[in-house]
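S.K.: Build the 3D model from these lines:
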Amino acid sequence: MSNSTEFEVFYDGDCPLCKREINLLKRWDKQQRIQFTNIAAENFSAEEIGIPFEDLMAEIYGRLPDGSTVKGVEVFRQLYSAVGFSWLVGLSRIPGISHLLSFGYFIFARNRLRLTGRCNKESCEV
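M.R.: Now for the predicted structure:
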């Protein structure tokens, strides 16, 4: 992570829904507080960040300036806070709303490849 960023997000650049969200965040990130790392890029190495690639594909991850990682809904909270939507982050922490967001993201993450038409024998087999 570069010294000027507040948060690094690891996203699947081959996922159409994920790319749409990331492109929106890039437009909003006027002060370049976020480092966007595409895990689908040829030069990406999961070993260099210490998170197995399968885990990165199963759920969104991010890294804080101190090197600690977060995943799932907390990544979105960090992203939206970095682009100036702290009020939205506050709402997302309200009990009930927080649980609903976590459950919704869990369902999405579990079915992301199927929802984006990217299933193959290995990735979507039950």
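S.K.: For residue 85, give its distance to residue 28.
M.R.: 8 Å (Cβ to Cβ, to the nearest Å). C-beta coordinates here come from the backbone N, C-alpha and C atoms, glycine included.
S.K.: Then residue 93?
M.R.: Relative to residue 28, and taking Cβ to Cβ, residue 93 is found at 20 Å.
S.K.: Tell me which of these two has more neighbours.
M.R.: Neighbour count, other Cβ atoms under 10 Å: between residue 93 and residue 28, residue 28 has more, with 15 against 12.
S.K.: where do the strands sit along the chain?
M.R.: For the chain, applying DSSP state E gives strands covering 7-11, 34-38, 61-63, 69-71.
S.K.: Export those strands as a markdown table, with columns for distance to residue 103 and mean neighbour count.
M.R.: Shown next, in a markdown table, are the strands of the chain (distance: least, Cβ to Cβ, whole Å; neighbours: other Cβ atoms under 10 Å):
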| stretch | distance to residue 103 | mean neighbour count |
| --- | --- | --- |
| strand 7-11 | 21 | 23 |
| strand 34-38 | 26 | 18 |
| strand 61-63 | 19 | 23 |
| strand 69-71 | 15 | 17 |
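S.K.: list the contacts for the most centrally placed residue in the chain?
M.R.: Centroid-nearest residue in the chain, with Cα atoms, centre = their mean: residue 60, separated by 3.6 Å. Neighbouring residues of residue 60 by Cβ atoms under 8 Å, 6 or more residues apart in numbering: 9, 10, 11, 18, 71, 72, 75, 76, 109.
S.K.: quick one, phi/psi of it?
M.R.: Dihedral pair for residue 60: phi -70, psi 140, per degrees, to the nearest 10.
S.K.: follow-up on the earlier one: of the strands of the chain, give the one that comes closest to residue 101.
M.R.: Each of these was scored for nearness to residue 101 using Cβ to Cβ, and the closest is strand 69-71 (13.5 Å).
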